[in-house]
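1. here is my input; please provide its structure:
(chains A, B, C and D, ligands or ions: 6)
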Amino acid sequence: MVNLAVNIGSLKLKNPIITASGTFGYGYEYEDFFDISRLGGIVVKATTAEPRDGNPYPRLAETPSGMINAVGLQNKGVNYFVSEIYNKLEKIDTNIIANVSGSTVESCVEVARKMNELDHIAAIELNISCPNVKEGGMAFGTSVKESYRITASIRNVCSKPLIIKLSPNVTNIAEIAMSVESAGADAISLVNTFLAMAIDAEKQKPILSTITGGLSGPAIKPIALRMVWQVHKAVSIPIIGLGGIMNATDAVEFMLAGATAVQVGTANFINPAVTMDILKGLEDYATRHMIENISELTGALQL
Amino acid sequence: MVNLAVNIGSLKLKNPIITASGTFGYGYEYEDFFDISRLGGIVVKATTAEPRDGNPYPRLAETPSGMINAVGLQNKGVNYFVSEIYNKLEKIDTNIIANVSGSTVESCVEVARKMNELDHIAAIELNISCPNVKEGGMAFGTSVKESYRITASIRNVCSKPLIIKLSPNVTNIAEIAMSVESAGADAISLVNTFLAMAIDAEKQKPILSTITGGLSGPAIKPIALRMVWQVHKAVSIPIIGLGGIMNATDAVEFMLAGATAVQVGTANFINPAVTMDILKGLEDYATRHMIENISELTGALQL
Amino acid sequence: MKQIVDLTIIDTVKIGDAYSIIRCTSKDILPEMKPGQFASLKIENNPKVFLRRPFSIHDYDKTENTVAFLIKIVGEGSRTLTELKRGDTVNAVLPLGNSFHFDAKGKSLIVGGGCGIAPIYFLAKCMKEINADFDIIIGGRTCNDLLCLDNLSTLSTTFCATEDGSKGSKGFVTDIPALSNNLSQYGKIHCCGPEGMMKAIAKTAVANNVFCEASLENTMACGIGVCLCCVTKTVHGNECVCSKGPIFNVKELAW
Amino acid sequence: MKQIVDLTIIDTVKIGDAYSIIRCTSKDILPEMKPGQFASLKIENNPKVFLRRPFSIHDYDKTENTVAFLIKIVGEGSRTLTELKRGDTVNAVLPLGNSFHFDAKGKSLIVGGGCGIAPIYFLAKCMKEINADFDIIIGGRTCNDLLCLDNLSTLSTTFCATEDGSKGSKGFVTDIPALSNNLSQYGKIHCCGPEGMMKAIAKTAVANNVFCEASLENTMACGIGVCLCCVTKTVHGNECVCSKGPIFNVKELAW
Ligand SMILES: Cc1cc2nc3c(=O)[nH]c(=O)nc-3n(C[C@H](O)[C@H](O)[C@H](O)COP(=O)(O)OP(=O)(O)OC[C@H]3O[C@@H](n4cnc5c(N)ncnc54)[C@H](O)[C@@H]3O)c2cc1C
Ligand SMILES: Cc1cc2nc3c(=O)[nH]c(=O)nc-3n(C[C@H](O)[C@H](O)[C@H](O)COP(=O)(O)OP(=O)(O)OC[C@H]3O[C@@H](n4cnc5c(N)ncnc54)[C@H](O)[C@@H]3O)c2cc1C
Ligand SMILES: Cc1cc2nc3c(=O)[nH]c(=O)nc-3n(C[C@H](O)[C@H](O)[C@H](O)COP(=O)(O)O)c2cc1C
Ligand SMILES: Cc1cc2nc3c(=O)[nH]c(=O)nc-3n(C[C@H](O)[C@H](O)[C@H](O)COP(=O)(O)O)c2cc1C
Ligand code: FES
Ligand code: FES
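-> Ligands and ions are numbered 1, 2, ... in the order given. Below you'll find the model as predicted:
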């Protein structure tokens, strides 16, 4: 029997498979497909202080082994979340992680403060990396100073485990990671999407209403893996790795590179039950390699 | 009849299709497959001041819609190039562009100075973006100051059109582009490869001898396209776009985003004659869209 | 309940160059499906396709445990599907989305254009089953785009229009008298087709104060309402076509 | 001259679970090929494979205009190739690389292990054509890995070894007396197989002062010497296996 449990600081996961924000709704949308309480955790879709209608259509472009989205943090705001959504999440027997987003430090603090009061929210993931909003978002995640400032501000109001989700659109990811670590982050998740663009050559127009959007899927996996590796060498807080994970092998790769847990995003669209395949595959892998505790994989890359 | 000719500053190309450095050898390796003089230009493989044996094997990992290489600028040095290779290039009736690389400004200057004396070298592409060498390389391309310094130094010894090849591994590509423009670059080519990593999950080891390498191929196209678009808005010198171009549609997309010409890299490995298919497709596209001069496409994206 | 199922192709029928109907079964009992709902099909063996592709339920036979799709070839995904052969499998997530709000009260009108005829056939079949009174109008560019005309005609009075006049009346479906003059005879209109066509119908319907619902298309990633990529502008803000639709009361749409 | 050709599969023969021989032709005249050379095959319809895959020329028949490959299934690319059927096409760049330096002077030895037997058959056929005097040794883990044994035996004396002793002598090819004791009877040794096997042979050959060449494998991107991904360490520094090889005099290798 493999022990699949891992810890992200004080956050205990029954297994390292978490679903990524924006790709798994609030979880219950997937209840038809499998028992979602079997997940290690669910990061629910981004919540902002005010309701947001998101970007205009079109918001999606397919690319080689990937997709670009330009959703733009559409959500009904934190108050709606607290009053209408939270009670449905209480029934889900796994870690529910809130994804806090916003265009100003103050608005993120407001959301975090409200989320912090909800018992069944196991942790807060601060999204400082959304490429699809005009202000804030990625701007926080691409500056050492700004990423420190916003992390420290959220830390102030957040007694739950605080995970900072980094943007990959930077020259030096390790620098940003160290900055949020020193600002009090309990963990780091990376990567969010890469700023990208798709063009309709026949119409001679951008495909997305916002011209650029965020690239996700297997296309970005090699870069995401490199960043997890670099950050693993630079910080001592746990890392949640993601970016293009489609199967158990991909998940193992991220763990070997230094991730304690992983998130699965775009793959949920291709196969709504993919996380269960990954979980099964991870267990098989551990058995095959005679690994007792899956946590042994973290950073176990042999050089 | 479509006029396919384009100008990169004073450099005149019979068409916008150039082959990318490191993916087309010295050109003559492809003579069996098609008449290479039909290309708009050929960027030959990187030349450094001293001979370099490159990185140890393995140097290659396949990834979703892409590949990672860790060649590490293997070449026999500029003197060998001048005495043994150059005379074979003289016979090729298209623009031969030298790709100048090195780990110090001085060594790049030395190569550029020698290349500058060769009549049949039409232009110099300075590679400040190789992710596969310990010193220099990408380090020049990820700093505004360093990229300025090296560009200005090469400009001093280079009377030929000077193209600076940028690294995509940066937070703000437009900033770097403006820096090399102000240092005297005649054109910009982007992108070089993305720093990436591949792991063999079964062996629990990195696939590449150097752990990380450079990602190329269609996987990176959406990010490359976004960067060309950003740089197009920021500078007024011509841009040569590349990154994952596999067919004529891809080439058109790069031109619409702001490229005056394009380079084809990894695609040459999948189909050694792909550039001729792209050329034909570009001509068909222009005919279909009633475009008389292909240069009309540059930056023609409708917003 | 939504399911992920491996469908096995029983037969494929080409209709002209551009369309194909693929009929499938499954070793398990297919979930109940309603007209207007769709499936999200996985495209295998094509490196150019990454995401699933949405296709309306063209036909569903509970007793025979079959489901059919009418597919227009417009790109790599649809082409790959039409190249599947008897015995091949295709993975589907289904049934997705809401369904047409049809009933047997009064007289209804069903309008389909081009591959918008796909859900129309299943709808007409279901309406016939409840003995509803309804007319059908279908349209297309040429007679080759008038899909399933014969099958539809067996279900109820079917008018048709082609832009080139090669069959039925020449012009758009909106030129057919049932739609242009006599609209108030209908209690409900259900339509599916090109957006331009549906907008024109919606306009007349609203003017005549007739209930009208339209089946929207959109590019989709998840198909189940989580990615928020497939939104359409409604009077309530952006709503997902895959989960709040694909069938919308045209009054709700910001058309 | 290297060419890009669409090959049409004439037949495929499965050998056990792990191997397949695919024989192809082309509507155009295939370029002249020599033993030891390889082709770079494009894998279609598999999203998991991006680059071409190199395979040795297992057989080439000029008069019949055919070329054959012996393929061991090790991953997605090789599996996809072995699933091709008669009439399917596969795009190839060929012929690539150098070839074995064989001749009819003195007596030669050919050694093949596992799927390293692929180029060995074509080599033996060509040596037979010039009436060369040669012995063949092949080895494999079990008798299932002793490929083409019958065909090889018709060409010359063929010894074999299996690790489990299920056929021929038990052990490695290097345990066969021709290799272990009698090596100096040979003027030249040509080998292809697992690196460990070739290194062992090379060691004995060098010790006995016998010319020995080995066919190397490597992961490749371009196959024509431009990407510099497929290097092997030689006494002259890193050299490309695809263009300077795949056949190397073992003395040149930094083994
Ligand atoms: C709910 C729903 C039900 C549908 N039902 C059917 C059906 O029953 N039969 C049928 O043939 N088609 C149907 N479609 C459309 C079908 O999904 C698309 O034609 C298909 O996804 C195209 O995939 P492709 O890979 O062949 O083309 P792509 O290569 O993806 O696209 C080819 C061209 O078609 C355009 N395109 C792609 N998807 C759409 C779309 N959804 N709407 C408009 N233009 C598009 C692209 O912009 C591009 O120009 C439906 C769509 C939705 C959302
Ligand atoms: C010049 C040359 C000639 C060859 N001739 C033949 C031949 O005639 N018949 C034959 O069956 N194979 C031959 N090979 C090996 C063949 O190219 C590989 O088996 C094939 O590329 C694997 O592709 P894949 O997609 O099936 O496996 P992948 O999914 O790419 O790899 C599966 C596993 O095999 C390993 N692998 C992949 N390529 C190689 C390689 N080149 N050498 C060693 N291990 C590898 C990988 O590391 C991985 O563990 C030759 C290779 C070269 C370089
Ligand atoms: C449609 C879509 C919506 C997303 N929305 C969010 C979001 O609201 N908050 C967030 O932090 N990340 C969001 N992401 C990013 C993902 O959580 C994830 O970081 C990214 O997609 C990379 O992982 P993947 O390749 O596995 O999808 C979104 C991604 C997609 C594709
Ligand atoms: C094997 C290989 C070797 C390369 N060598 C060089 C080089 O020597 N100099 C250089 O500037 N770029 C080099 N590149 C980068 C390419 O020129 C190109 O910028 C990159 O591959 C992106 O384009 P692509 O996706 O079309 O391949 C190399 C790329 C590959 C794949
Ligand atoms: S396709 Fe994802 S929300 Fe509709
Ligand atoms: S595979 Fe490119 S040099 Fe050998």
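
2. excluding chain neighbours, what is closest to residue 191?
-> Defaulting to chain A. Residue nearest to A:Val191 in three dimensions, not counting chain neighbours: A:Pro168, with 3.8 Å by C-beta to C-beta, 6 or more residues apart in numbering or on different chains. Every residue, glycine included, has its C-beta placed from N, CA and C.

3. chain C was what I was after
-> With C-beta to C-beta, 6+ apart as the measure, C:Val111 is the residue that lies nearest to C:Cys191, at 4.0 Å, once sequence neighbours are left out.

4. which residues sit in contact with the one you found?
-> By C-beta atoms under 8 Å, 6 or more residues apart in numbering or on different chains, C:Val111 lies in contact with C:120, C:136-139, C:173, C:179, C:189-193, C:197, C:201.

5. residue farthest from the centroid of the chain?
-> All of this refers to chain A. No residue in chain A sits farther from the centre than A:Glu202, which is 34.8 Å out by C-alpha atoms, centre = their mean.

6. was after chain C, sorry
-> Distance to the chain centre peaks in chain C at C:Pro47, reaching 27.4 Å (criterion: C-alpha atoms, centre = their mean).

7. that residue in helix, strand or coil?
-> Following DSSP: H, G, I helix; E, B strand; the rest coil, C:Pro47 is assigned to coil.

8. is it true that it touches B:Ser65?
-> Yes: with contact defined as C-beta atoms under 8 Å, C:Pro47 reaches B:Ser65; the gap is 7.3 Å.

9. neighbours of the residue nearest to A:Val191, just the number please.
-> By other C-beta atoms under 10 Å in any protein chain shown, the residues close to A:Pro168 number 27.

10. pull the contacting residues for it.
-> A:Pro168 makes contact with A:129, A:190-194, A:220, A:223-224, A:227, A:243, according to C-beta under 8 Å, 6+ apart.

11. spatially, which two of those residues are the most separated?
-> Maximum pairwise distance among the contacts of A:Pro168 (C-beta to C-beta): 13.9 Å, between A:Ser129 and A:Ile223.

12. which neighbours do the two share?
-> Overlap of the contact sets of A:Ser129 and A:Ile223 (by C-beta under 8 Å, 6+ apart) consists of A:168, A:191.

13. and the residue of chain C found nearest ligand 6, what is it in contact with?
-> Closest residue of chain C to ligand 6, C-beta to the nearest ligand atom: C:Pro47 (20.9 Å). Residues in contact with C:Pro47 (C-beta under 8 Å, 6+ apart) are A:64, B:65, D:45-47, D:50.

14. with C:Glu44 instead?
-> By C-beta under 8 Å, 6+ apart, the neighbours of C:Glu44 are C:80, C:90-91.

15. ok, 10 Å please
-> Shown in contact with C:Glu44 (C-beta atoms under 10 Å, 6 or more residues apart in numbering or on different chains): C:80-81, C:84, C:88-91, D:45-47.

16. now the helices: where do they sit in chain C?
-> Here chain C has its helices, by DSSP state H, at C:76-82, C:117-129, C:149-155, C:177-180, C:195-207.

17. and the residue of the stretch 101-250 of chain A found nearest ligand 3, what are its bridge partners?
-> As assessed by C-beta to the nearest ligand atom, ligand 3 sits closest to A:Ser216 within the stretch 101-250 of chain A, at 3.2 Å. As for beta bridges, A:Ser216 partners with A:Met67 under DSSP bridges.

18. and residue 119, how many neighbours?
-> I'll assume chain A. By other C-beta under 10 Å, the residues close to A:Asp119 number 7.

19. my bad, the chain I had in mind was chain C
-> 30.

20. check the gap between the nearest residue to it once chain neighbours are set aside and A:Gly244 for me.
-> Sequence neighbours aside, C:Ser56 is the residue nearest to C:Pro119 in space, at 3.9 Å (criterion: C-beta to C-beta, 6+ apart). Going from C:Ser56 to A:Gly244 by C-beta to C-beta, to the nearest Å gives 31 Å.

21. per-residue confidence for A:Lys134?
-> On the pLDDT scale, A:Lys134 is placed at 66.

22. now swap in C:Ile9 and tell me
-> pLDDT for C:Ile9: 98.

23. re the thing from before, which of the contacts of A:Pro168 are buried?
-> Buried members of the contacts of A:Pro168, scored by 16 or more other C-beta atoms under 10 Å in any protein chain shown, are A:129, A:190-194, A:220, A:223-224, A:227, A:243.

24. residues near the residue of the stretch 151-255 of chain C found nearest ligand 2, how many?
-> Of all residues in the stretch 151-255 of chain C, C:Ala221 sits closest to ligand 2, at 28.0 Å by C-beta to the nearest ligand atom. Neighbour count for C:Ala221, taken as other C-beta under 10 Å: 28.

25. pretty sure it is touching C:Val241, no?
-> No: using C-beta atoms under 10 Å, C:Ala221 makes no contact with C:Val241, being 11.7 Å away.

26. overlap in contacts, these two.
-> Shared contacts of C:Ala221 and C:Val241, defined by C-beta under 10 Å, 6+ apart, are found at C:229-230.
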